[in-house]
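>>> the sequence isn't on hand, but the structure is:
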Ligand SMILES: [Fe+2]
Ligand SMILES: [Fe+2]
């Protein structure tokens, strides 16, 4: 299911790069990943799975690989509706986007925790 | 912005992955003990064989404790792959030496998770780990006691037969 979603609920920017963006929707408790020409909805588990599969790709190995296979990776996430077919450069960009996203989510977590403590 | 990470899971991803490593470690311990039970049985050390069978079962329950904790906290428990289990030992004594090594490495890895919890102020997981710290006290005690039997009784003559008999009687009862 590849959907181009139209925004009906308020989204908050989590992280943006020149290649893509991640938004959070508090109401639906999920994230929207705008990357490679589509906006895809991820719940908590799926976002973690996406991160895991992207971080798992050995970029260095793929760069040094001199076989004639096309430099394309397919990221298929089990039990999620999305699938990405990405080039190496896109993978690097997606990794950067996800790294930034998780830093921001961590930061948000720390802020929330300290708010709870100071109350 | 809501803290969605926190809503879904009580433990952080770092703690979750450390706990999954521990699940694997406990599974490995269980398999190692089972192979020790087999070796002792094959070589005529019946009491020690029973002792290791019991240890193997205990390690399995430890594994499940961690496994269920991670799930209960909203995390993902990974059923571990266990490989590279040593099947042969050079001597009766070597079995017990390696049993102690294994317990020491388990204690260290639990301490390591505890240290990470302190850093994150994850008091919930710290409290959960307290049970294991106490358990390791017993585990290391028993493993050391078994090795001491080799010193006290000696392996000459019917020594090993005696040692085996006493291994079956090792108990830890400290109220502290
Ligand atoms: Fe254990
Ligand atoms: Fe143990």
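Okay, I see it. Since this is a predicted model, take the numbers as computed values, not measurements. Residues are numbered from 1 along each chain as shown, chains lettered A, B, ... in the order given. Ligands and ions are numbered 1, 2, ... in the order given.
>>> up against chain A, what does chain B have?
B:1, B:2, B:3, B:4, B:5, B:6, B:7, B:8, B:9, B:13, B:76 (CB under 8 Å from any CB of the partner chain). (C-beta placed from N, C-alpha, C; glycine too.)
>>> which residue sits closest to the third one in space, ignoring its chain neighbours?
What it means is residue B:3. residue A:112 (3.9 Å; CB to CB, 6 or more residues apart in numbering or on different chains).
>>> how about the lowest-mean-pLDDT helix or strand in chain B: buried residues?
Lowest by mean pLDDT, DSSP states H and E among the helices and strands of chain B is helix B:4-8, with a mean of 80. Using 16 or more other CB atoms under 10 Å in any protein chain shown as the test for burial, helix B:4-8 gives B:4, B:5, B:6, B:8.
>>> what does stretch B:59-73 rub up against?
Contacts to stretch B:59-73, defined as CB atoms under 8 Å, 6 or more residues apart in numbering or on different chains, come from residues B:9-11, B:16, B:19-20, B:22-23, B:26-27, B:29-30, B:33, B:76-77, B:79, B:124-125, B:128, B:131-132, B:135.
>>> out of the residues you listed, which are buried?
Buried residues within the contacts of stretch B:59-73, counting neighbours by 16+ other CB under 10 Å: B:9-11, B:16, B:19-20, B:22-23, B:26-27, B:29-30, B:33, B:77, B:125, B:128, B:132, B:135.
>>> ok, and which of the contacts of stretch B:59-73 reach ligand 1?
Near ligand 1, judged by CB under 5 Å from the ion, the entries from the contacts of stretch B:59-73 are residue B:26.
>>> so which of the residues of chain B next to chain A comes closest to residue A:58?
Of all those, residue B:13 has the smallest distance to residue A:58: 20.7 Å, by CB to CB.
>>> what's the burial count for the closest one?
Counted with other CB atoms under 10 Å in any protein chain shown, residues neighbouring residue B:13 total 16.
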